[in-house]
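Student: From the sequence below, what's the structure:
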Amino acid sequence: TPPALSRSSPAPDSGPPFVRLRSRFSPFPFRWKMALITASAVLLPLALVLTPVYIAGRRKLTQLNAHRITAIAASASVAIPPESLDVIATRGQNTGAFVFVREVLKRTWAANGGDTRQLTNGIAIVRRDGGSYRYLAHSSWNAGQPQYSREWTPPPALSDSLIRNVGGETPLYDGPVGHELAAEYPILRADNSSAAFTVVTLDADPFLGDLSRDLMRIAWIPVLVMVGAIAASLIAARQMTFGIEEVAAHAQMVARGNMRRELTFESGDEIGALAASFRTMSGGLRTLLRDVETGASEVAATADELA
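Tutor: Next up is the predicted model:
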């Protein structure tokens, strides 16, 4: 005879994802499931609301600061005559033209509410030299400093505006010190050729940090809402499960043969209807048992008479 084929029970992790998820959460008490559902229902809308608010605020602040440094670059370009830059390019930095240009750069930044702690590459004047750019003057570098020997590498977002000799600004990009913004504005000769470009680079991390701190200042409000919602769900779940626990305890006593205790839980909802049905069933069982005991006694008495 061929051996009987044994049917193995399905593994706990088998089946559709929803069934597996339900089996994993089934051991937890109902009140904790309610708390988890409530927390998810609160956190998901908050995330859907706060995330766009942060993104929109970040984008708006970035645009405002980009326009701000573009205005600073334009102000400096207008104040610097192109002839001074030609003097610096041909005769070097030990000239009155260099001192004048550098003072203009420093005053322009201060007049526009600048903070030198936010400067990364400061306010610089750069000149096209073949396929690269070299520094002519800088708001933070004195004449003869070794930084002037370096080339300036424009962010990719400024390449097109530099070629067309027009002003331009960048979106946020990753620079040497973190997130940065840059803007440039040409210093034009009478024939609309560019003598040089004013370049302003701003460290964006301070205003992005301010935005994050502002959001954190109001973060306690959604946290408080979530805690209150979880507490309310726990209380409501306790009220809901209390009747079920009472009915379940009474069912265990009936299963053990204890028919004397009466189920006292009452409620106007479905759980109360279940408890009422259980009381009716328990009463019927007690009546049945009394009838069985009475019948047994009568049968015993009849048997004694016949004997």
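Student: any idea which helix or strand carries the closest residue to R127 other than its chain neighbours?
Tutor: Spatial nearest neighbour of R127, excluding adjacent residues (CB to CB, 6 or more residues apart in numbering): A196 at 4.3 Å. (Glycine included, C-beta is placed from N, CA and C.) Counting by DSSP states H and E, the element that carries A196 is strand 194-203.
Student: okay, that strand in PDB with CA atoms only?
Tutor: Below are the C-alpha coordinates for strand 194-203, written out as PDB (Å, rounded to 0.1, in the frame of the first residue of the first chain):
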ATOM      1  CA  SER A 194      33.000  92.200 -21.100                       C
ATOM      2  CA  ALA A 195      36.000  93.600 -19.300                       C
ATOM      3  CA  ALA A 196      35.400  91.200 -16.500                       C
ATOM      4  CA  PHE A 197      32.700  89.600 -14.300                       C
ATOM      5  CA  THR A 198      31.700  90.300 -10.700                       C
ATOM      6  CA  VAL A 199      31.100  87.000  -9.000                       C
ATOM      7  CA  VAL A 200      29.400  86.500  -5.600                       C
ATOM      8  CA  THR A 201      29.300  83.100  -3.900                       C
ATOM      9  CA  LEU A 202      27.100  82.600  -0.800                       C
ATOM     10  CA  ASP A 203      27.100  79.800   1.700                       C
END
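Student: So which residue is dead centre in the protein?
Tutor: Centroid check for the chain by CA atoms, centre = their mean gives T51 as the closest residue, at 5.5 Å.
Student: I271 reaches E245, doesn't it?
Tutor: No: at 10.1 Å, I271 does not count as touching E245 under the criterion of CB atoms under 8 Å.
Student: ok so I125 is a helix residue?
Tutor: No: counting by DSSP: H, G, I helix; E, B strand; the rest coil, I125 is located in no helix; its state is strand.
Student: Which one of I271 and E245 is surrounded by more residues?
Tutor: Legend: neighbour count by other CB atoms under 10 Å for I271 and E245, higher for I271 (19 against 12).
Student: Distance check, that one against A232.
Tutor: 19 Å (CB to CB, to the nearest Å).
Student: Same check on R164?
Tutor: 62 Å.
Student: For the stretch 1-150 of the chain, just list every one of the strands.
Tutor: For the stretch 1-150 of the chain, strands defined by DSSP state E, counting those that start in this stretch occupy the ranges 119-129, 132-138.
Student: quick one: what helix or strand has A273 in it?
Tutor: Short version, using DSSP H and E: A273 is in helix 270-306.
Student: Which elements pack onto that helix?
Tutor: If contacts are counted by 3 or more CB pairs under 8 Å, 6 or more residues apart in numbering; DSSP states H and E, helix 270-306 sits against helix 220-255.
Student: So for the helix it packs on, mean pLDDT?
Tutor: Mean pLDDT, helix 220-255: 78.
Student: In three-state terms, label the residue nearest to L172 when sequence neighbours are not counted for me.
Tutor: Take L172 and drop its neighbours on the chain: the residue closest to it by CB to CB, 6+ apart is H179, 5.2 Å away. Recorded secondary structure, H179: strand (three-state DSSP).
Student: residues in contact with H179?
Tutor: 172-173, 203-205, 208 (CB atoms under 8 Å, 6 or more residues apart in numbering).
Student: Quick one: which of those is the most crowded by neighbours?
Tutor: Ranking the contacts of H179 using other CB under 10 Å puts A204 first, with 25 neighbours.
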